[in-house]
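> Provided below for reference: sequence and predicted model.
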Amino acid sequence: MQTTWKGTISFGLVSIPVHLYSATQEHDVPLHQVHAKDGGRVRMKRYCEREEKEVPYAEIAKGYESPDGRTVTLTDEDLADLPLPSKKIIDVLAFVDAGEIDPLMFSKAYYVGVADQAAAKPYALLRDALTESGQIAVTKIALRTRESPAVLRVHDGTLVLQTCIWPDEVRPAAGIAPEDDVTVRPQELKMARSLMDTLSEDFDLAQLHDDYQQALQQVITARLEGVELPHEEEPGEAPDNVIDLMEALRSSLKQAKGGRRRAAGPEPAAPEPEEERPAPRKRAPAEKPAAPAAAARKAGAAKKTATGKTTTATGKSATGKTTAPRKAS
């Protein structure tokens, strides 16, 4: 990384020689100003109003115009020799909880590295003290042409210097929020908290990406290849007046849960409870088939019954009565 600033952290009587490195970078697509008629590059020239000619960059200095119209010229040597203690020293002024600094004041972040091996131990001492206490160090630093308040905190085992703006540079928020007395019902607050919990499930900030830069790159690629520009369906207009807040919260909660389910994949269906079925009735025991001899006897008896009454050798009728023999005449 390229060094942005060289100086010393003053921590009581302990001095830590350090270097600052820019901790962030932006990934904007570089766009230039061109002539819309023919695409010619438009460049800004440094033009002197008094001499009415272009001047080189080496002859340019900074100036200040007073209210009465006088102009004071300041050279680089004038700015470098400012009587400013924080020009090369990061003086630790106090240690406070992180919640005491309004995030509105945070500006740019820089990684803090040691300038030599001798600074390793005091560097680790300050880092571990901040980690154990859970606090941040309030400092001041002069970068380029501006002195700013700053804080020292720990990020991934590395000291980070976060520059801030001055407290009086934060604009007041008076008159922006609704001034009318608005009553929020407990049911609405509970539903809003449920929606917050649902939207916070499995959230990963690293998964966010720059949709604008991606869409811009698609348009540039289409222009270079001479194809039709990509278009996206226009989203529906958002309602400008929420009539039923509870219904809007309920619908939002349902939509958020649906989105979480689609992202996580289909869930296995829960088994449906089985219905109670009546116990099966007991069947009567089946009759055993008759033996062959008994079946034959039954068949013969049935045949005799069908042909009428028969008499036996003893003279008995089928009814069991005995008939007397007739006498010859």
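That came in fine, so what should we check first? Numbers count the residues shown, from 1 in each chain.

> Nearest residue to E65 in space, please, no chain neighbours.
T71 (5.0 Å; Cβ to Cβ, 6 or more residues apart in numbering). Every residue, glycine included, has its C-beta placed from N, CA and C.

> What is the neighbour count of that neighbour?
A total of 8 residues lie near T71 under the criterion other Cβ atoms under 10 Å.

> Next, the residue nearest the centre of the chain: phi, psi?
Nearest to the mean C-alpha position of the chain, by Cα atoms, centre = their mean, lies F203 at 3.4 Å. Per-residue torsions, F203: phi -80, psi 130 (degrees, to the nearest 10).

> re the thing from before, which residues touch the residue nearest to E65?
Contacts for T71 were tallied using Cβ atoms under 8 Å, 6 or more residues apart in numbering; they are 63-65.

> Restricted to strands, list these.
Mapping the contacts of T71 onto strands (DSSP state E) picks out 63-65.

> ok, those residues vs D76, which is closest?
G63 (12.7 Å; Cβ to Cβ).

> For the closest one, give me its contacts.
71-74.

> same thing but 6 Å
71, 73 (Cβ atoms under 6 Å, 6 or more residues apart in numbering).

> Quick check, pLDDT for it.
Listed pLDDT for G63 reads 92.

> the helices in the stretch 1-150 of the chain, which residues?
Taking DSSP state H, counting those that start in this stretch to define them, one finds helices in the stretch 1-150 of the chain at 76-80, 120-133.

> Can I get those in CSV including distance to Y111, mean neighbour count and mean pLDDT?
Shown next, in CSV, are those (distance: least, Cβ to Cβ, whole Å; neighbours: other Cβ atoms under 10 Å; pLDDT from 0 to 100):
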stretch, distance to Y111, mean neighbour count, mean pLDDT
helix 76-80, 25, 10, 81
helix 120-133, 12, 14, 95
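
> Could you export those helices as a markdown table, including distance to D38?
Shown next, in a markdown table, are the helices of the stretch 1-150 of the chain (distance: least, Cβ to Cβ, whole Å):
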| stretch | distance to D38 |
| --- | --- |
| helix 76-80 | 39 |
| helix 120-133 | 57 |
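
> between those, which gets nearest to Q207?
helix 120-133 (27.5 Å).

> by contact count, what packs against the closest one?
On a contact count with 3 or more Cβ pairs under 6 Å, 6 or more residues apart in numbering; DSSP states H and E, helix 120-133 meets strand 14-22, strand 146-155.

> Serialize those to JSON lines and add fields for distance to P103, mean pLDDT and mean neighbour count.
Output for the helices and strands packed on helix 120-133, formatted as JSON lines (distance: least, Cβ to Cβ, whole Å; pLDDT from 0 to 100; neighbours: other Cβ atoms under 10 Å):
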{"stretch": "strand 14-22", "distance to P103": "20", "mean pLDDT": "94", "mean neighbour count": "18"}
{"stretch": "strand 146-155", "distance to P103": "11", "mean pLDDT": "94", "mean neighbour count": "18"}
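
> Out of the ones you listed, which gets nearest to L82?
L82 lies closest, by Cβ to Cβ, to one member of these: strand 146-155, at 9.2 Å.

> Pairing partners for the closest one, with directions?
When pairing is defined by DSSP bridges, strand 146-155 lines up against strand 135-143 (antiparallel), strand 158-164 (antiparallel).

> The residue nearest to V151 when sequence neighbours are not counted: neighbouring residues, count only.
Once flanking residues are discounted, V151 sits nearest to I136: 4.6 Å by Cβ to Cβ, 6+ apart. Counted by other Cβ under 10 Å, the residues lying close to I136 total 22.

> Show me what I136 is bridged to.
What pairs with I136, by the bridge criterion (DSSP bridges), is V96.

> Repeat that for T73.
Beta-bridge partners of T73, as defined by DSSP bridges: G63.

> Is it correct that it is in contact with K62?
No: using Cβ atoms under 6 Å, T73 is not in contact with K62; the gap is 7.6 Å.

> Of the strands paired with strand 146-155, which shows the lowest average pLDDT?
Among the strands paired with strand 146-155, strand 135-143 carries the lowest mean pLDDT, at a mean of 93.
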